[in-house]
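Peer 1: What shape does this take:
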Amino acid sequence: MALVSLALYFSTRVTMSEQATRRGRQWIEMSMSIIGQNAADLFEKSGPAALAQYINRVNLRPRVNVSFLNKRGEILAGPPLPEGAKNIVMQAIQIGQRQTQFS
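Peer 2: This is a model prediction of the structure:
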């Protein structure tokens, strides 16, 4: 599989109850998985131009920023990552597991 990594980060200023926060986190993790799989499939089947178009469409949503990276942490589609997000992505690549951080 050519895909390696997806950085997905949401920014919002909403105060939520603990239960709503838990559901929100589950929604974000599910969204990351779906967007990541769709992006990987599209990249493998249709190439970088189709991937870039898909990522650009996803990023039109409010408070959503998605970047698609290779194993070396190089962005294949999407905007540059904030420094904190880049560190999380590089850690995920190194250990080979998804990393999620909420703040």
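Peer 1: Which parts of this structure are strands?
Peer 2: Under the criterion DSSP state E, the chain carries strands at the ranges 5-10, 64-69, 75-77.
Peer 1: The shortest one pairs with which strands?
Peer 2: Going back to what we said before, that points to strand 75-77. strand 64-69 (antiparallel) (DSSP bridges).
Peer 1: Where does pLDDT dip in this structure?
Peer 2: Across the chain, the ranges flagged by pLDDT under 70 are 1-17, 101-103.
Peer 1: In it, spot the helix with the most residues.
Peer 2: If you go by DSSP state H, the chain has its longest helix at helix 18-46.
Peer 1: and that one, what does it pack onto?
Peer 2: The contact analysis (3 or more CB pairs under 8 Å, 6 or more residues apart in numbering; DSSP states H and E) places helix 18-46 against strand 5-10, helix 48-58, strand 64-69. In short, each C-beta sits where N, CA and C put it, glycine included.
Peer 1: Next, the buried residues of the second one.
Peer 2: Residues of helix 48-58 classed as buried by neighbour count (16 or more other CB atoms under 10 Å): L51, A52, Y54, I55, V58.
Peer 1: hang on, isn't the last one packed against F68?
Peer 2: When you say that, I think you mean V58. No - here V58 does not reach F68: they are 9.7 Å apart, not a contact under CB atoms under 8 Å.
Peer 1: Next, find the distance separating the nearest residue to R98 once chain neighbours are set aside from T21.
Peer 2: Once flanking residues are discounted, R98 sits nearest to A92: 6.0 Å by CB to CB, 6 or more residues apart in numbering. Distance of A92 to T21, given as CB to CB, to the nearest Å: 22 Å.
Peer 1: circling back to that earlier point, if I look at the residue nearest to R98, how far off is M32?
Peer 2: 11 Å.
Peer 1: what's the overlap in contacts for those two?
Peer 2: Common neighbours of A92 and M32 are listed as R98 (criterion: CB atoms under 8 Å, 6 or more residues apart in numbering).
Peer 1: Return the distance of the residue nearest to R98 relative to A85.
Peer 2: Counting by CB to CB, the separation of A92 from A85 is 11 Å.
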